[in-house]
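A.B. asks: What follows is a predicted protein model with its sequence.
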Amino acid sequence: MAAGRHGAGTGTGTTGAPAGAGAGAAPPGTRAGGARGGLRVEAAGLTKRFGTVRAVTDVSFSVEPGQVTGFLGPNGAGKTTTLRMVLGLVRPTAGTVTVDGRPYARLDRPLSRVGAALDGAGAHPGRSGRDHLRWLAAAGGLPVRRCDEVLELTGLADAGGRKVGGFSLGMQQRLALAAAMLGDPDLLVLDEPANGLDPAGIAWLRGFLRTLAGEGRTVLVSSHVLSEVEQTVDRVVVLAAGHVAYDGVLGGLAGPTGVLVDSPDRPALAAALAAEGLGCTGDHSGALLVRPPEGSPVPVDPVRVGAAAARAGVALSHLAPTSQRLEEAFLRLVQRTEQASAAARRQQPPGPAPARPTTPAQPTTPQQPTTEEVR
Ligand SMILES: Nc1ncnc2c1ncn2[C@@H]1O[C@H](COP(=O)(O)OP(=O)(O)OP(=O)(O)O)[C@@H](O)[C@H]1O
Ligand SMILES: [Mg+2]
C-alpha cells in the first residue's frame, strides 16, 4: 500500500447505503445503528526537525471522537508533518503522539481503525478507480464488495470504471476519501481534502464529514483556508510556524466583541471616545470600531461607548456590538505567532531544546508522554 494511505479492514456490519454526491446529500453511515467508538488522538510536545528546518515545535493537542477537528494553518505551518507523525510515517524528533492511547504502529488492526488521505489518490493513472480500490482492499485483506460501497459513498459510483488518469482533481480527492473509508475506520485523518473540490464538492464534503462525526467517528481534517472548514468543524487547532497558535472552538478565535459606533459628526465622536480612553479605528464604511485592548479577553461595553458620546453631546446614528471577522482574526493570530516564533528563534539558536514562542496560544494541556517511539 502506498505510504500515506491507509484504509483497510474487516468492515463488518457495513451497509454501504448509497449516498448522493450533491450538496446536502450526506452519506448515511456505513454501519447501521449510528453511534460507534471513535479513537482519541493525543499529541504531547511533538517536535520534528528536518536538519536545520524546524517543521514542528512542541505541539500538543487532542482530537476527540464524535467531532470534526480542523487542523488549520498557512503553507509550511507543519500540518502535514504533524499528521504524518500521527500516522507513524514520520518519526518525531521529540514528543509523542498516540491513537487510542498507543502509538499508531501498536494499534490492533490499524488499517481497519484508521483511514487516511494524505497525498491525493496516488493511484496508477492507467488503472480504474475501482481497480485501485480492489488492489488496496486485497492488500488489506478486505472484502471486495467494500470497494463498490465506498465508491457509492463518495459519489464515484458512475466513474469507478474510468481510468484514474482521466479523473479531475476533485474526483481524485474523492477517490482518496474512498480509499480512506475502505476499512470503515473509527478515525479519519485527511490532509487538505477540499483541495480541488468545487463549491458543490466542498458542500458535499462538509456533509460527509459531519455525518462521519455524527456516527461517533473521530475526524481530523487539515486546511489552510479557514472558510473551507468554518461550517464543518467543532473545534480547531491552528498551527503557525510549527507552533500551536490556538486550540479551541472556532468562535473563540475572534476574541471578545468590540463596538461599532457612528455619528453624523465622526471627528467629534472620535474625540469623545479618545477622551474616555476608548481606542478606535475606522471600519470600511467609515464608522468607528472600538476594540478591546490587544490581548484583553474583556468585551467592550456598549453602554460605556454610548455614555462617552452622551457626555460630549455627540448624537449617534449607530451603536452595536460587533465581533472581529473570523478570517481577519485567523490571519492576525497566524501573523502574531509567526512573529513571536521568529523572535524566539533569533534569541535561541538551534539546539536540543526547542524554543517556545510567547504567543497568545492556548495549547492543549500536555499529556503524560510515553517513552515509546512511534517507529
Ligand atoms: N521531508 C522534509 N524534508 C525537509 N523539510 C521538510 C520535509 N517535510 C516538510 N519539511 C518542511 O517542514 C515545514 C512544514 O512543512 P509541512 O509540509 O508540514 O507544512 P504544511 O502546513 O503541511 O504546509 P502546506 O499547507 O503547504 O501543505 C516546511 O518548512 C517544509 O519545508
Ligand atoms: Mg501540507
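C.D. replies: Here it is on my side, so go on. Numbers count the residues shown, from 1 in each chain. Ligands and ions are numbered 1, 2, ... in the order given.
A.B. asks: Let me see the ranges of the helices in the chain.
C.D. replies: All helices of the chain, identified by DSSP state H, fall at 79-86, 110-113, 129-140, 145-153, 169-181, 199-214, 226-229, 266-275, 302-311, 326-347.
A.B. asks: Reformat the ones you listed as JSON lines; add distance to L253 and mean pLDDT.
C.D. replies: C-beta: built from backbone N, CA, C; applies to glycine. Conversion of the helices of the chain to JSON lines gives the following (distance: least, Cβ to Cβ, whole Å; pLDDT from 0 to 100):
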{"stretch": "helix 79-86", "distance to L253": "17", "mean pLDDT": "97"}
{"stretch": "helix 110-113", "distance to L253": "31", "mean pLDDT": "86"}
{"stretch": "helix 129-140", "distance to L253": "37", "mean pLDDT": "93"}
{"stretch": "helix 145-153", "distance to L253": "32", "mean pLDDT": "94"}
{"stretch": "helix 169-181", "distance to L253": "26", "mean pLDDT": "93"}
{"stretch": "helix 199-214", "distance to L253": "19", "mean pLDDT": "94"}
{"stretch": "helix 226-229", "distance to L253": "8", "mean pLDDT": "88"}
{"stretch": "helix 266-275", "distance to L253": "26", "mean pLDDT": "95"}
{"stretch": "helix 302-311", "distance to L253": "22", "mean pLDDT": "96"}
{"stretch": "helix 326-347", "distance to L253": "5", "mean pLDDT": "87"}
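A.B. asks: want to throw the ones you listed into CSV with mean neighbour count?
C.D. replies: Below are these laid out as CSV (neighbours: other Cβ atoms under 10 Å):
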stretch, mean neighbour count
helix 79-86, 24
helix 110-113, 22
helix 129-140, 21
helix 145-153, 23
helix 169-181, 24
helix 199-214, 20
helix 226-229, 20
helix 266-275, 16
helix 302-311, 16
helix 326-347, 17
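A.B. asks: mind checking which of these is nearest G45?
C.D. replies: Closest to G45 of the helices of the chain is helix 79-86 (Cβ to Cβ; 11.4 Å).
A.B. asks: can you tell if that closest one touches ligand 1?
C.D. replies: Yes: on the criterion Cβ under 6 Å from any ligand atom, helix 79-86 is in touch with ligand 1 at 79-81.
A.B. asks: Which strands or helices does that helix pack on?
C.D. replies: Where contact means 3 or more Cβ pairs under 8 Å, 6 or more residues apart in numbering; DSSP states H and E, helix 79-86 is packed against strand 41-50, strand 53-63, strand 68-72, strand 94-99, strand 218-223.
A.B. asks: ok so, going back, closest one to ligand 2 among the helices of the chain?
C.D. replies: helix 79-86 (3.2 Å; Cβ to the ion).
A.B. asks: Now do the closest one against strand 41-50: the angle between them, please.
C.D. replies: 120 degrees (axes from the mean of the first three to the mean of the last three Cα atoms, to 10 degrees).
A.B. asks: Out of the helices and strands packed on helix 79-86, flag the one nearest G286.
C.D. replies: So among the helices and strands packed on helix 79-86, strand 68-72 is nearest, using Cβ to Cβ, at 32.0 Å.
A.B. asks: Kindly export that closest one (C-alpha atoms) in PDB.
C.D. replies: Extracted in PDB, the C-alpha atoms of strand 68-72 (Å, rounded to 0.1, in the frame of the first residue of the first chain):
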ATOM      1  CA  VAL A  68     -14.600  17.200  13.400                       C
ATOM      2  CA  THR A  69     -11.400  18.800  14.400                       C
ATOM      3  CA  GLY A  70      -9.900  21.300  11.900                       C
ATOM      4  CA  PHE A  71      -6.200  21.400  11.600                       C
ATOM      5  CA  LEU A  72      -5.600  24.900  10.300                       C
END
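A.B. asks: Kindly reformat the helices of the chain as TSV containing distance to V249.
C.D. replies: Formatted as TSV, these follow (distance: least, Cβ to Cβ, whole Å):
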stretch	distance to V249
helix 79-86	19
helix 110-113	27
helix 129-140	36
helix 145-153	29
helix 169-181	25
helix 199-214	15
helix 226-229	13
helix 266-275	31
helix 302-311	24
helix 326-347	11
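A.B. asks: So for V238, which of the ones you listed sits nearest?
C.D. replies: Among the helices of the chain, helix 326-347 sits nearest to V238 (Cβ to Cβ), with 6.3 Å.
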